[in-house]
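In: Just the structure for this:
(2 chains)
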Amino acid sequence: MLTKIIKRDGREVEFDRSKIAEAIFKAAQVLGGNNYEMAKDLAEKAEAHVEQAHPGIVPTVEQVQDAVEHTLIEHGHARTAKEYILYRAERTRVREMNTRLMKTLEDLTFKDAVDNDVKRENANIDGDTAMGTMLKYGSESAKQFYEMYVLNPRHSKAHREGDIHIHDLDFLTLTTTCCQIDIVKLFQDGFSTGHGFLREPNDIQSYSALACIAIQSNQNDQHGGQSIPNFDYGMAVGVAKTYARLYTKNLAKAAEILLDKVDMEERFKEIKARIYAETGKKPLLENSGEYCALERPYLAELVGEEAERLQQLAIKYAERETERATYQAMEALVHNLNTMHSRAGAQVPFSSINYGTDTSPEGRMVIKNILLAEDAGLGNGETPIFPIHIFKVKEGLNYKEGEPNYDLFKLACKVSAKRLFPNFSFIDAPFNLPYYKPGDYNTEVAYMGCRTRVMANHYDPSREITCGRGNLSFTSINLPRIAINAHGNVEWFFEDLERKVDLCIEQLTERFKIQAAKKVRNYPFLMGQGVWLDSEALGPDDSVEKVLGHGTLTIGFIGLAECLKALIGKHHGESAEAQNLGLEIVGYIRQRMDEESKKTGLNFSLIATPAEGLSGRFVRMDRKKFGTIPGVTDRDYYTNSFHVPVYHEINAFDKIRLEAPYHALTNGGHITYIEMDGDPLKNLEAFESVIRYMKECGIGYGSINHPVDRDPVCGYTGIIDEVCPRCGRRDGEGVSLERLHKLGLYRNLNADTLGYHGDAAEEADRRPNSL
Amino acid sequence: MSEKEMMIGEGIKFERIRRITGYLVGTLDRFNNGKRAEESDRVKHSVSGSLEHI
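Out: Numbers count the residues shown, from 1 in each chain, chains lettered A, B, ... in the order given. Got it, this is the predicted structure:
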């Protein structure tokens, strides 16, 4: 008789024969068996077998299970034995999953981000904080749960083995990726965050504050980034309101100072309201003449012949104060978006703002001041990380000398040369222009964060617009792996690519079904407040199925360069043949997306994958599988989407020309980068010529990278190699107070105040840089 | 302690803002391993000869 057994974790516990009988009975039940007595009898026989095979020792669980299998087969229960083996395998898998999960959680708990790549998967989450770690617990557990119980095993296997990568898998059953928020529409009549109602704002300060709140609220409803496609148009409404208010306020001030007439503001407001009711006119930043003429007779009744002089003063001060209020509002927005948190407090919202095409005086004031606020940087002059600024370039509006916003395009180049933002999007690109209708922001292409683009609409062809739409989910294909497996056989490569595309389409479709089954109340802001296109027509318990189709289901790809290397020995930066094959490969996936869209009426699209968490994962697995292949698996990352590899020596203009055709193919989003040497502020002409060349080549979205370093001690911003050019210290080194004083810094600092890094006097002196 | 002896900034690192996969990050410490490798491999793209191209 056995009395003890050794569990898998090494503990010795009481042996319980009924557990074996139970397991045998369960296996038999699957086959329709219901004889518990026989199960008990077989359990006894198995026990005897263990004692015979391992006399005198305490057996392990594994040894007992082996004995059960042996006993079942020996006594003619082969099929039951098979079920038992399956049952055992399943239990082992679950146990391993549990162990893997526990191991992941253990690492998250006890390892610092420095030693743990999982914690650094997303650079904008601080994995070392309490909320950052909590977020990762949830995320890692959800991923493993879905892999085990929710995902189609074929998709789960392909994902686990690195053939494909299902992005944001932790949100599989929960929500969708991103949305372009139409703030003009959202602010009309106010909105609710779910924690309180916000009235329609009346001042540029509140407009900017509410824009941040909208981004933050929506960020909590989706797993991707949030973007405002019409930032200038939206904020312009707030500027106009601010001007109208300040005009009347200054009119009253002037009356008091010049004419000793006190408390006139209410009377003037009444006049303003009456004129608006009768004619629809308000004081405007430009063309205030028309309004003033209407106002003058009423004003004259109160102040006599001084009316016109008061109006002139009011215009002068209202303009000045509106400009200042707008700058402050934009400054606040940049500060807020770098400091406010969402998602359990662990993450700054991924925010983007698109602007550049509003040519109204108010819109221009917004564009100018958001650029100046970005130029000035954060409290100590740091480069803001968010929002991503996207300047929309459009011929006729801001591209050429003499066009209304040309000055703002120049300013955008100058700010980007200092701060890396704005990026530049090109409405004139051949694939963006067909949607464009002058003056209608909804038809201007807008990009989301790192690159996502939404424009065509197979679900509702009458709604080929930007606002209220976004990506639903995306899955990327490991192109280099297919190429390695092809062993130079291009035909086979395309056959296997076809299989992978099929698999992704199937997986995206299954995920879409899960997403579409959700109800409005699962997305209280996105759907509950009508941010998503057509969601305003739905009630809280309606499913979102009817409106979700406006979004995109997207396939992405990683490592075109390594794929070409593996296939024909050269990447597209090296040979024209490779470029042609590259276009054929990407073109094939796009063609499949178009066909699928036509077939299903859903928006399947192709994205140049940004690869946030993926840049190292695929190559790590492939190196393990295939070893180190020069030019393919010999680096710690696969090249981003269709980019020419970052290590390849190439002229900026050649790079742009080579990458441009891929922009036309990747309708779900794309971006091209150029790395510029030195300080581009000192070579603005070259900076601008690169941006212009992007436009001329048909690039959709692009930006220029250059090093932006900063010494927090002396405040120097620019390029720092080894030694800070201003104060002369090395990384982590101290610098003498004497030297800082000579530089005019730390003037108020002495032995008593030491400890504060930053010079209060110098900070107070700072003004936004004139440009 | 005199001004000459008083040192400021010991242990304070330079901030290096870089763009990786579309997002700016204020410190390289938070990049994962693949991204660090990619950043260090980058070469500059020459912008000379721009006029010929336009």
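
In: If I look at residue A:765, what pLDDT would I see?
Out: Residue A:765 is assigned a predicted lDDT (pLDDT) of 41.

In: Next: residue A:264.
Out: 93.

In: I'd like the distance between it and chain B.
Out: To chain B, residue A:264 is 50 Å away according to CB to the nearest CB, to the nearest Å. In short, each C-beta sits where N, CA and C put it, glycine included.

In: burial count for that residue?
Out: As a burial measure, residue A:264 scores 21 neighbours (other CB atoms under 10 Å in any protein chain shown).

In: show me what contacts it?
Out: A:251, A:252, A:255, A:256, A:302, A:303 (CB atoms under 8 Å, 6 or more residues apart in numbering or on different chains).

In: now residue A:580
Out: Counting by CB under 8 Å, 6+ apart, residue A:580 has no contacts.

In: so it, which of the three states?
Out: What DSSP: H, G, I helix; E, B strand; the rest coil gives for residue A:580 is helix.

In: Could you report the neighbour count for the closest residue in space to residue A:109 that isn't next to it in sequence?
Out: Nearest non-adjacent residue to residue A:109, counting by CB to CB, 6 or more residues apart in numbering or on different chains: residue A:133, 7.1 Å away. Neighbour count for residue A:133, taken as other CB under 10 Å: 19.

In: what do you get for residue A:243?
Out: Considering only other CB under 10 Å, residue A:243 is surrounded by 28 other residues.

In: residues in contact with it?
Out: By CB under 8 Å, 6+ apart, the neighbours of residue A:243 are A:283, A:284, A:285, A:318, A:319, A:322, A:362.

In: Pull the number of nearby residues for the last one.
Out: Other residues within reach of residue A:362, judged by other CB under 10 Å, total 25.

In: cool, the fifth one as well?
Out: Residues lying near residue A:319 (other CB under 10 Å) number 19.

In: remind me, longest strand of chain B?
Out: strand B:15-20 (DSSP state E).

In: how about the strands in the stretch 601-750 of chain A?
Out: A:603-608, A:672-675, A:701-705, A:708-710, A:717-718, A:735-736 (DSSP state E, counting those that start in this stretch).

In: Chain B too?
Out: According to DSSP E, the strands that chain B contains are B:7-8, B:15-20, B:23-25.

In: could those strands go into CSV alongside mean pLDDT, distance to residue A:428 and mean neighbour count?
Out: Output for the strands of chain B, formatted as CSV (pLDDT from 0 to 100; distance: least, CB to CB, whole Å; neighbours: other CB atoms under 10 Å in any protein chain shown):
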stretch, mean pLDDT, distance to residue A:428, mean neighbour count
strand B:7-8, 86, 51, 20
strand B:15-20, 86, 24, 20
strand B:23-25, 82, 26, 19
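
In: Let me have those strands in a markdown table, adding distance to residue B:35 as columns.
Out: Compiled in a markdown table, the strands of chain B are given as follows (distance: least, CB to CB, whole Å):
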| stretch | distance to residue B:35 |
| --- | --- |
| strand B:7-8 | 32 |
| strand B:15-20 | 5 |
| strand B:23-25 | 9 |
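
In: so which of the ones you listed gets nearest residue A:486?
Out: strand B:15-20 (30.0 Å; CB to CB).

In: Enumerate every residue touching residue A:386.
Out: Neighbours of residue A:386 in contact, by CB under 8 Å, 6+ apart: A:337, A:338, A:348, A:349, A:350, A:351, B:24.

In: Contact partners for the fourth one?
Out: By CB under 8 Å, 6+ apart, the contact set of residue A:349 is A:215, A:216, A:219, A:225, A:226, A:337, A:340, A:341, A:342, A:386.

In: Let's see that with 6 Å instead.
Out: A:215, A:216, A:219, A:342 (CB atoms under 6 Å, 6 or more residues apart in numbering or on different chains).

In: How many neighbouring residues does the last one have?
Out: As a burial measure, residue A:342 scores 19 neighbours (other CB under 10 Å).

In: Quick check: it touching residue A:218?
Out: No: taking contacts as CB atoms under 6 Å, residue A:342 lies outside contact range of residue A:218: 9.1 Å.

In: now the residue lying closest to residue A:575 once chain neighbours are set aside: how far from chain B?
Out: Leaving aside its sequence neighbours, residue A:575 sits nearest to residue A:568 (CB to CB, 6+ apart; 7.9 Å). Distance check for residue A:568 against chain B: by CB to the nearest CB, it reads 22 Å.

In: Can you report how many residues lie near residue A:568?
Out: 16.

In: What's the per-residue pLDDT of it here?
Out: 97.

In: any idea how far it is from residue A:69?
Out: 51 Å (CB to CB, to the nearest Å).

In: Likewise for residue A:315?
Out: 93 Å.
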